[in-house]
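>>> Here is my input, please return the structure:
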Amino acid sequence: MMEVKTVDKPDERRDFPRGHLEALHLTGLDFAVATFEPGWHWTESVGPIVGTKSCEVHHNCYMVQGRMRLRMDDGAESEVGPGDVFVCPPGHDAWVVGDEQVILYDFAGGMATDYAKAKS
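Alright, predicted model coming up:
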C-alpha cells in the first residue's frame, strides 16, 4: 500500500519551550520535523518533560537549517549544519548554536513517537 503525506499537514504537533515537533505517521515510517529556536537547549527545554539526564532517543537526521551542537554522555562532541546527515544514538545533549532557527528532519522514528513526552 502506498502512502503519501505532506509535512504541511502533520498528524500531530508537540510544543515545548523554545521549540516544537511535527510528526507524520505512515506504515513503516514515523517521521518528524523539529524546529528549535535560538536559545533552545535539550537539558532546559525537553529534559524536564521527560525526566532523564540526557536525550534517550536515537536520531537519524537531515539538517535543513541552522546549526546545532551535540554532546554525547561520554564527552564526544560534534556540530551539524545545513545539508548534514547525522546519526546520534541515545545518551546525548544538544543545543542551538547562533541566532538562526534550527529545522531538522528525523527519519529514525523515535523522535516522532516518543520525543518530548512525559514518561508515565
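
>>> Using the three-state scheme, assign the closest residue to Y115 other than its chain neighbours.
Once flanking residues are discounted, Y115 sits nearest to V57: 5.3 Å by Cβ to Cβ, 6 or more residues apart in numbering. C-beta: built from backbone N, CA, C; applies to glycine. The assignment at V57 comes out as coil when based on DSSP: H, G, I helix; E, B strand; the rest coil.

>>> oh, and call the first residue 747 from now on, that's how I've got it
I'll keep to 747 as the first residue from here, and by that count the last item is V803.

>>> which residues does V803 contact?
Taking Cβ atoms under 8 Å, 6 or more residues apart in numbering as the criterion, V803 is in contact with P836, A854, G856, M857, D860, Y861.

>>> Pull up the gap between it and D754, please.
The gap separating V803 from D754 is 24 Å, by Cβ to Cβ, to the nearest Å.

>>> Check S791 too.
S791 sits 24 Å away from D754 when distances are taken as Cβ to Cβ.

>>> which of these two has more neighbours?
Between S791 and D754, counted using other Cβ atoms under 10 Å, the more crowded position is S791 (20 against 7).

>>> which residues of this protein fall in strands?
Per DSSP state E, the chain has strands spanning 758-762, 765-772, 775-782, 805-811, 813-818, 823-826, 831-834, 838-843, 848-852. These are given in chain order.

>>> For M747, find the nearest of these.
strand 765-772 (9.8 Å; Cβ to Cβ).
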